[in-house]
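> Sharing a model that was predicted from the sequence below.
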Amino acid sequence: MSRLRAGSLLVGFMALTLPLMPFQAAFVRTWPWAARRFPHWYHRQVCRLIGVRLHIEGAVVSDKPVLLISNHTSWLDIPVLSAVAPISFVAKKEVGTWPFVAWLAKLQRTVFVDRERRSATAGTAAEISARLAKGDAILLFAEGTSSDGNRVLPFMTSLFGAVVQSSGERASPAADVAVQTLAIVYTHHHGVPLTRDQRPHVGWYGDMEMTSHAWQVLGAGPLDVTIKVGPPVALGSFAGRKELAAASESKVREDVVRILRGRKPEEDIQVSETVRKSMRHRSKESAVSGKWR
C-alpha cells in the first residue's frame, strides 16, 4: 500500500509540476511579481497533494524586504516553508547541480552560495542586497545542515556575514530589512503525535540518500507540521552577524521547544541553560555534512 501511495503521489507531483515549469520560467524573465508569488501557490498545491497539513502561527511581513531565519529538518522544508509565504532560499552551490531539483531551485530564484571560495562572498552579498532592495523575502537555513527534527543545531555565524554586510549601510536601499525567525516541527503522522523516536524518520540528514528517503516519506501517509513565525525585528537593530545569529538561534530554539512540548502561544516557556548546553552538545555530535544548505 505504501508503494502504491508513493507511486501515485510521484505521478501526481510530476503531472502538476512539469506543465507549470514553463510558466514560471516565463515569469522569471518578464514578470517579477508573478515570479515571486507563483511558487508560493504551487507549493501549497504540492503540500495538499502529498498530504502535509500546515499549522502556521504568525505571518511573514509583506510590506518590506525580509530576511527569514529557520531551522532545517528535511527536504520537505522546501515546499512547506514556500507554502507559508512567497520566499526564495539561500542554498549551497551544489544544489544547482542536482538533477531536476536544480531546475526547481533556479525557478524559485534561489541564491546559490559557494562555501568553498571566500572570494565569492562579495558576489553573494551583492545578489542578496539587490534581492532585498527589490522587496524579496530571503530564507536562510542558519544551522548550515539538517537535523533529526528533535533539536536545533548551533547556528553558523559565518552564514550571516554576507547578509549583514549587504544591509549594514544606512544609505543602502535594503536598509529597511526586517528579520523574522521560522521554527518548523513535524508533529503528527496520520493524526497521531510523533514521538521522539519517530520524528527522525521524517528528517533527511546525515548520509541519507534522497530518492529512497522521499519514497519512504511519501508512502508513509499524511503529516502535520507546525511553523511558528516570529515577530519582525529591524535588521539594523543588530550590531553584527554574531548578535543576529545569537538572537535568532535563541528564538528558534525556544519556539521549537514550545512546539515539541505542546505549549500554547500565550504560555511562558523557559529553556534552561542546562538544556541549551545539552542540546548544543548533542547537536555538535550529530552535525554532519549539509543537505539543501
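Yep, it's here.
> Around Ala6, count how many other residues there are.
Ala6 has 18 neighbours, counted by other CB atoms under 10 Å. In short, each C-beta sits where N, CA and C put it, glycine included.
> Got the phi and psi for it?
phi -60, psi -40 (degrees, to the nearest 10).
> With adjacent residues omitted, what lies nearest to it?
Gly219 (3.6 Å; CB to CB, 6 or more residues apart in numbering).
> what about that neighbour, neighbour count?
17.
> quick one: it and Arg5 touch, right?
Yes: shown here, Gly219 and Arg5 form a contact pair, counting by CB atoms under 8 Å, at 5.0 Å.
> What residues sit buried inside stretch 181-194?
Using 16 or more other CB atoms under 10 Å as the test for burial, stretch 181-194 gives Thr181, Leu182, Ala183, Ile184, Val185, Tyr186, Thr187, His189, Leu194.
> ugh, typo on my part, it should be stretch 250-260
Buried, per 16+ other CB under 10 Å, within stretch 250-260: Lys251, Val252, Arg253, Glu254, Asp255, Val256, Val257, Arg258, Ile259, Leu260.
> Can you tell me which of those is nearest Leu139?
Val252 (12.5 Å; CB to CB).
> What helix or strand is the closest one located in?
Val252 is part of helix 241-261 when elements are defined by DSSP states H and E.
> could you give me the average pLDDT of that helix?
On average, the pLDDT along helix 241-261 is 93.
> Just the CA atoms of it, as PDB, please.
Extracted in PDB, the C-alpha atoms of helix 241-261 (Å, rounded to 0.1, in the frame of the first residue of the first chain):
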ATOM      1  CA  ARG A 241      26.300  38.900  12.400                       C
ATOM      2  CA  LYS A 242      27.200  37.300  15.800                       C
ATOM      3  CA  GLU A 243      24.400  39.200  17.600                       C
ATOM      4  CA  LEU A 244      22.000  38.400  14.800                       C
ATOM      5  CA  ALA A 245      22.900  34.700  14.900                       C
ATOM      6  CA  ALA A 246      22.700  34.500  18.700                       C
ATOM      7  CA  ALA A 247      19.300  36.300  18.900                       C
ATOM      8  CA  SER A 248      17.700  34.300  16.100                       C
ATOM      9  CA  GLU A 249      19.100  31.000  17.400                       C
ATOM     10  CA  SER A 250      17.600  31.700  20.800                       C
ATOM     11  CA  LYS A 251      14.200  32.500  19.400                       C
ATOM     12  CA  VAL A 252      14.100  29.500  17.000                       C
ATOM     13  CA  ARG A 253      15.300  27.100  19.800                       C
ATOM     14  CA  GLU A 254      12.600  28.400  22.200                       C
ATOM     15  CA  ASP A 255       9.800  28.100  19.600                       C
ATOM     16  CA  VAL A 256      10.900  24.600  18.600                       C
ATOM     17  CA  VAL A 257      10.900  23.500  22.300                       C
ATOM     18  CA  ARG A 258       7.500  25.200  22.700                       C
ATOM     19  CA  ILE A 259       6.000  23.200  19.800                       C
ATOM     20  CA  LEU A 260       7.600  19.900  20.900                       C
ATOM     21  CA  ARG A 261       6.100  20.400  24.400                       C
END
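> Thank you kindly, that will do.
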